[in-house]
Structures are given as structure tokens and as C-alpha cells.
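> Coordinates for the following, if possible.
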Amino acid sequence: TYRDGLTMVEMAQECGKMLHIQLGTLYRNETKAAKTLIDAGKLGKLYHARSTGFRRRGRPFVDGYGSRMFTRKEFANGGALLDMGVYHIAQLLYLLGMPEVARISGKLYQEMDMDPKRREESGFDVEESGMGFVRFAGGVSMDIIEAWSLHLDGFEGSSISGSQGGIRLPAYSDIHPKSAFSYHTTICDMDFDSTLDLNAMSE
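Model prediction:
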């Protein structure tokens, strides 16, 4: 909650310590590779990003695992967007250089069938999927789609598009990558789609 966050910031200031929220996506090798390409100008002018997170049927508790605390606003404040989306959105905001938000629009959904007994037992009142669109000052935009449960076969990983190149970040199933980091550009009228050894890059 806002109150919890404010308490943490005030305590850090009182103690003279730095406060850091652990968002693991900021430290992944693909984030380092993307930042290197962006800082070197290999994407040119950045203009759009896409934040994605997908589970086919992975709602906590009601789909057979996890705690019902994830499914109630009074404890979790939100569902898929707050559970998964914060990691992907934070990663892209960092790579975009933390642009100032100008406007946000979106929609939350809870439409998938659910076992009635588990619905009642869980008190499920958060979103199972969230979609949004963000406009930043300076013209950059970002679309967001995060789903705990959705009748599709997956999403591509998050991406950033620029005037001279683009990057695709790996799509994850929980914490395991399902696709590779890739860089896309055109050289001498030839389209290049490149992957790299992220482990070797980070050494």
C-alpha cells in the first residue's frame, strides 16, 4: 500500500540507508544486453515498448497452487498486473530511461471459468488479466498485457522498438525462459535477426 511504501522510505531516510526494491528483471543478463545496445545507439530513437507476461492457467489457489492471499484485494491489492506485471514494466521503464508518464488507459478482466467452490473459498476479487496503454512525455508509448489465465498458447516476450533496431526479451514460464533474447536491424538493405550468448556477454 501507499502507507507501507511511505513508511519504508521514511525509515530508510531516518536510518541514513538506501532503500532498494528487489526487481530481479533489472539484473538479468538480457537487461544488461538490451541496455548495452540502447546506450550504444543501436536501436536509434526509441518509440514503443510492449510489456507481456503469460500463464495459460496459473491463477493462485483457484488453479491448484499458492495461497488465497494472492486472490483478494484486501491482502494483495491486485492480481496478475501487480503479481507479474510490475517486474516486466519496471524492466522496460529502466530500459526506456524512466520517462515521465503523460497518460494511462487500461482494463482489468476476470472472465475465465473457475471452480465455484474454490472461487467462494478464495474470495477471488482481483484481475486475472490486465491490459493497458501508456503514453510518455516525449512521444514514447508502451502497451501492457499480463495474464494469470488466458485461452491462448502464449505471448512473445516483451520488446522495445527503435528507429534503427529492436530487441525482443525472453518470454518466461514462471522463472524459466521459453525464448531467447534477440536483436533485429537492417544493414545494407538486409534484415538481420540476431541472438547472442547472454552468459558469455556478461562475463
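
> Can you pull out the low-pLDDT segments for this structure?
Regions of the chain meeting the criterion pLDDT under 70 cover residues 173-177.

> Kindly recompute the last result at 90.
Applying pLDDT under 90 to the chain picks out residues 1-2, 4-5, 20-24, 27, 64-70, 75-76, 154, 171-180, 196-203.

> After the helix of greatest length in the chain, which helix or strand is next?
Ranked by number of residues, the top helix in the chain under DSSP state H is helix 2-15. Later in the chain than helix 2-15, the nearest helix or strand by DSSP states H and E is helix 29-39.

> hey, C-alpha coordinates of stretch 160-175 in PDB?
Output of stretch 160-175 as PDB, limited to C-alpha atoms (Å, rounded to 0.1, in the frame of the first residue of the first chain):
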ATOM      1  CA  ILE A 160      11.400  -2.300 -27.500                       C
ATOM      2  CA  SER A 161      11.200  -0.800 -30.900                       C
ATOM      3  CA  GLY A 162      13.500   1.900 -32.200                       C
ATOM      4  CA  SER A 163      14.100   3.800 -35.500                       C
ATOM      5  CA  GLN A 164      17.300   1.700 -36.200                       C
ATOM      6  CA  GLY A 165      16.600  -1.600 -34.400                       C
ATOM      7  CA  GLY A 166      14.500  -3.500 -32.000                       C
ATOM      8  CA  ILE A 167      15.000  -6.000 -29.200                       C
ATOM      9  CA  ARG A 168      12.900  -8.900 -28.000                       C
ATOM     10  CA  LEU A 169      13.300 -10.000 -24.400                       C
ATOM     11  CA  PRO A 170      12.800 -13.700 -23.500                       C
ATOM     12  CA  ALA A 171       9.300 -14.900 -22.700                       C
ATOM     13  CA  TYR A 172       9.200 -16.700 -19.400                       C
ATOM     14  CA  SER A 173       7.200 -19.600 -18.000                       C
ATOM     15  CA  ASP A 174       7.400 -18.700 -14.300                       C
ATOM     16  CA  ILE A 175      11.200 -18.200 -14.000                       C
END
